[in-house]
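Engineer: Structure of the sequence below:
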Amino acid sequence: MNGPKNKKTQALIQLALFAGIVILLNILVNVRIGGRGLYANIDLTEEKRFTLSPATKAMLEDINDIVFVKVLLEGDFPAPLKQLQRSTLEMLEDFRSVSPYIEFDFEDPSGGNGEQLNALKQQLAEWELEPTFFETTDAAQVVYPFAIVRYGNRVFPVDLLDENIPGAATESERLEISISQLEYKLANAIQKITQTANDRQYILFTEGHGELDSLQTFDLQTSLQSFYNIDRIHLDSVITIPSDLVKLLVVAKPRSAFSDRDKFKIDQYVMSGGKVLWMIDHVAMDLDTLMRKQRFYPAPYDLQLDDLWFKYGIRFQDDFVLDYQCSSIALTMGAQGTPPRLFKYPYFPVLVPNIAHPITKGLGLNIAHPITKGLGLINLKYPSGLDMDVQLAPGLERTLLLQSSENSMYQRLPVEMDFAFLREPLRKEAFQKLPQPLAMLIEGEFPSFYANRMSAEMQEGMKQLNIEIRDHSEPTAMIVVADGDIARNEVNYNNGKVLPLGFSPYEGNGKGYTFTGNKDFLINCVEYLVNEHGVFEARGKEVKLRLLDRMKAETQKVKWQVINLVLPLVFLLLFGFAYNWWRKRKYS
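Structural biologist: This next block holds a predicted model:
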């Protein structure tokens with residue numbers, strides 16, 4: 001009599017235990033202690049796609065208030081954008097697994113009314129973000145691949161899709177780069193938006209040697225001053241440059257000599273761990289001068305820095321680097337009153353960042369670096385080559401960042417400059433030199449130029465000022481770019497209007513084009529030097545997309561349908577028959 005009742009009781013107990021275990025597991029999965037979950041995951045991908053960098057994790061753990069991320073990627077998208085949408089969702093979920101203060105939502109911007117959409121477009125335009133057009137089978141679809149990060153009353157926009165990436169020929173390559181940059185873009189936005197005024201680091205632009213003035217560097221400074229304290233320094237006005245306060249010294253196109261005192265201050269700043277971004281015009285040459293003089297023999301600037309640079313492993317070639325891949329200028333090559341024509345001008349090379357040419361690889365030069373990853377085209381003006389044969393001191397390492405194309409040439413000084421060669425079309429066969437180095441990063445422990453060079457009087461003066469003289473640096477870094485105009489934005493001095501950095505009025509069929517890579521490259525240089533071990537390391541992350549082979553999928557469609565639909569049913573039937581046979585044999 002008690003048999004069925006006992007079985008029923010046991011079944012209820014088992015059901016209750018099962019439900020209790022499920023509830024307990026659910027609690028354990030969702031509970032957080034000290035902002036940390038009790039669960040973990042294992043990243044089995046080859047490139048560790050789902051593993052956040054240590055710097056990103058440390059930054060997320062320091063957040064103490066809500067950061068809300070609104071992603072404008074909700075809706076029915078083409079396959080590439082769906083992959084970007086899914087990757088963004090996975091990245092934000094990874095962020096939230098580290099910090100409970102990360103909240104996010106996906107929104108369809110076209111789902112609101114016309115007034116809301118126009119307000120969004122206006123706001124995005126202020127952030128210099130434009131919607132993207134995607135061709136679908138039905139029509140051209142307008143999408144907004146952006147994320148808007150909010151922290152209190154601060155807002156930071158993020159462009160999730162890198163579209164115009166030189167060297168990325170296919171859609172999948174562009175998508176790979178975009179997805180690989182998600183961690184850096186989102187982490188960088190969160191880091192900047194959550195920093196306080198006390199966290200801001202000082203970046204100083206030097207003055208007093210003919211450098212670009214604040215109006216000529218207005219665009220770059222404006223982009224930097226949202227997150228850094230930007231100021232200008234006349235080296236004669238200070239005794240030393242404190243490296244604990246000044247995180248970066250920017251030297252932008254000096255044109256007059258540096259005194260020994262100024263050189264000593266820069267040297268000791270480097271010795272104490274200071275970072276320097278050099279943007280140097282080696283040769284005194286600009287387009288306006290040539291327009292006025294028609295013929296001109298340029299000469300190098302006498303900056304009195306060659307000995308200091310050589311000690312650090314830097315030497316400029318006495319030449320101009322020309323490239324068949326170049327931007328244009330407008331000239332009147334005829335009788336007075338003839339309208340100007342556009343000419344390709346090889347002294348203004350257009351560089352494709354992060355491309356390692358086979359020739360360069362053969363020379364053993366490294367050009368793949370997070371600073372240049374995913375950048376647009378970069379336009380330089382009258383650059384000189386960098387000598388990569390200079391012997392580096394032990395403990396220093398050199399990384400090539402920018403170089404000309406495989407269709408390059410150079411002109412050794414002295415050379416007569418004019419426009420006569422533009423009367424004939426450029427001949428590609430004339431540009432057959434090796435790619436020429438135009439920007440490099442040097443890292444490590446630098447030797448002091450003033451080691452064993454200081455007079456007893458100077459040493460006594462430093463001692464009285466209680467200034468320690470160093471003959472060897474702490475681990476630090478500097479970047480040198482063989483063009484000072486890379487930081488210069490054009491200015492209309494009649495009305496004070498500032499044009500965007502990298503703007504060329506003669507590209508785009510004469511309508512004008514902005515080489516966005518110029519500013520992006522400089523900002524990346526600043527971020528790498530100032531936050532060398534910060535979230536910037538996530539820029540080097542590689543993501544390999546294993547995209548579906550559509551042709552193979554079509555030809556093997558029936559085969560895989562059978563495998564996925566029929567085989568499970570067959571296995572289930574076989575299991576049922578085997579189980580019934582086993583029961584009959586055991587209990588009969």
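
Engineer: drop to CA atoms for contacts and neighbour counts, all remaining ones
Structural biologist: Fine.

Engineer: Okay, helices next: where are they in the stretch 351-500 of the chain?
Structural biologist: Taking DSSP state H, counting those that start in this stretch as the criterion, the stretch 351-500 of the chain contains helices spanning 358-362, 456-464.

Engineer: Show me how far the last one is from its chain's centre.
Structural biologist: Going back to what we said before, that points to helix 456-464. Helix 456-464 has its C-alpha centroid displaced from the chain centroid by 44 Å (C-alpha atoms, centre = their mean, to the nearest Å).

Engineer: Comparing the helices of the stretch 351-500 of the chain, which yields the minimum mean pLDDT?
Structural biologist: Mean pLDDT is lowest for helix 358-362 among the helices of the stretch 351-500 of the chain, at a mean of 44.

Engineer: What's the first helix or strand after the strand or helix carrying residue 94?
Structural biologist: With secondary structure defined by DSSP states H and E, residue 94 is part of helix 79-98. The helix or strand immediately downstream of helix 79-98 is strand 102-106, counting by DSSP H and E.

Engineer: In that next one, which residues are buried?
Structural biologist: By neighbour count on 16 or more other C-alpha atoms under 10 Å, the buried set for strand 102-106 is 102-104, 106.

Engineer: Would you mind writing the CA trace of the helix holding residue 94 as CSV?
Structural biologist: Taking C-alpha atoms only, helix 79-98 is exported to CSV below (Å, rounded to 0.1, in the frame of the first residue of the first chain):
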residue,chain,number,x,y,z
ALA,A,79,25.4,40.6,-42.2
PRO,A,80,28.6,42.7,-41.6
LEU,A,81,26.8,45.1,-39.3
LYS,A,82,25.2,42.2,-37.5
GLN,A,83,28.6,40.9,-36.7
LEU,A,84,29.7,44.3,-35.5
GLN,A,85,26.5,44.5,-33.4
ARG,A,86,27.1,41.1,-31.8
SER,A,87,30.8,41.9,-31.1
THR,A,88,29.9,45.2,-29.5
LEU,A,89,27.3,43.4,-27.3
GLU,A,90,29.9,40.8,-26.3
MET,A,91,32.5,43.4,-25.5
LEU,A,92,30.1,45.4,-23.3
GLU,A,93,29.0,42.2,-21.5
ASP,A,94,32.7,41.5,-20.9
PHE,A,95,33.1,45.0,-19.4
ARG,A,96,30.1,44.5,-17.2
SER,A,97,31.5,41.2,-16.0
VAL,A,98,34.4,43.2,-14.5
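
Engineer: helices and strands around it, which ones?
Structural biologist: strand 36-37, helix 54-61, strand 102-106, helix 171-180, helix 182-194 (3 or more C-alpha pairs under 8 Å, 6 or more residues apart in numbering; DSSP states H and E).

Engineer: and the gap between the residue lying closest to residue 441 once chain neighbours are set aside and residue 493?
Structural biologist: The shortest distance from residue 441 to any residue other than its chain neighbours is 4.5 Å, reached at residue 479 (C-alpha to C-alpha, 6 or more residues apart in numbering). Distance, residue 479 to residue 493, using C-alpha to C-alpha, to the nearest Å: 31 Å.

Engineer: of those two, who's got more company?
Structural biologist: Using other C-alpha atoms under 10 Å, the more surrounded residue of residue 479 and residue 493 is residue 479, with 24 against 9.

Engineer: Quick check: that one touching residue 278?
Structural biologist: Yes. Counting by C-alpha atoms under 8 Å, residue 479 touches residue 278, with 6.1 Å between them.

Engineer: what sits up against the strand of greatest length in the chain?
Structural biologist: Ranked by residue count, the top strand of the chain under DSSP state E comes out as strand 341-351. With contacts defined as C-alpha atoms under 8 Å, 6 or more residues apart in numbering, strand 341-351 is touched by 320-333, 377-383, 402-405, 422, 426, 506, 510.

Engineer: Then stretch 493-510?
Structural biologist: With C-alpha under 8 Å, 6+ apart, stretch 493-510 has contacts from 215, 218-220, 327-330, 342, 378-379, 486-492, 511-519.

Engineer: Distance-wise, check residue 208 relative to residue 467.
Structural biologist: Counting by C-alpha to C-alpha, the gap from residue 208 to residue 467 is 24 Å.

Engineer: quick one on the thing from earlier: so for the helix holding residue 94, mean pLDDT?
Structural biologist: 88.

Engineer: by how many degrees do that helix and helix 171-180 diverge?
Structural biologist: Going by axes from the mean of the first three to the mean of the last three C-alpha atoms, to 10 degrees, helix 79-98 is angled at 20 degrees with respect to helix 171-180.

Engineer: Next, report how far helix 79-98 is displaced from the centre of its chain.
Structural biologist: Chain-centre distance of helix 79-98: 20 Å, with C-alpha atoms, centre = their mean.

Engineer: Show me which residues of that helix are buried.
Structural biologist: Across helix 79-98, burial judged by 16+ other C-alpha under 10 Å covers 81, 83-85, 87-89, 91-92, 94-98.

Engineer: Report the beta-bridge partner residues of the residue lying closest to residue 213 once chain neighbours are set aside.
Structural biologist: Spatial nearest neighbour of residue 213, excluding adjacent residues (C-alpha to C-alpha, 6+ apart): residue 207 at 7.8 Å. Per DSSP bridges, the residues bridged to residue 207 are residue 234.

Engineer: tally of neighbours for residue 207?
Structural biologist: Using other C-alpha under 10 Å, residue 207 is surrounded by 19 other residues.

Engineer: Equivalent analysis for residue 414, please.
Structural biologist: The local packing of residue 414 (other C-alpha under 10 Å) involves 12 other residues.

Engineer: how about it, what does it touch?
Structural biologist: Contacts for residue 414 were tallied using C-alpha under 8 Å, 6+ apart; they are 297-299.

Engineer: again, but for residue 190
Structural biologist: Per C-alpha under 8 Å, 6+ apart, neighbours of residue 190: 67, 149.

Engineer: quick one: it and residue 227, what's the gap?
Structural biologist: 12 Å.

Engineer: got the domain boundaries for this protein?
Structural biologist: The record's domain parsing of the chain by automatic domain parsing lists 37-194, 201-540.

Engineer: For those domains, give me JSON lines that also has distance to residue 583.
Structural biologist: Listed next are these as JSON lines, based on distance: least, C-alpha to C-alpha, whole Å:
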{"stretch": "domain 37-194", "distance to residue 583": "40"}
{"stretch": "domain 201-540", "distance to residue 583": "58"}
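
Engineer: Looking at the ones you listed, which is nearest to residue 572?
Structural biologist: Closest to residue 572 of these is domain 37-194 (C-alpha to C-alpha; 30.1 Å).
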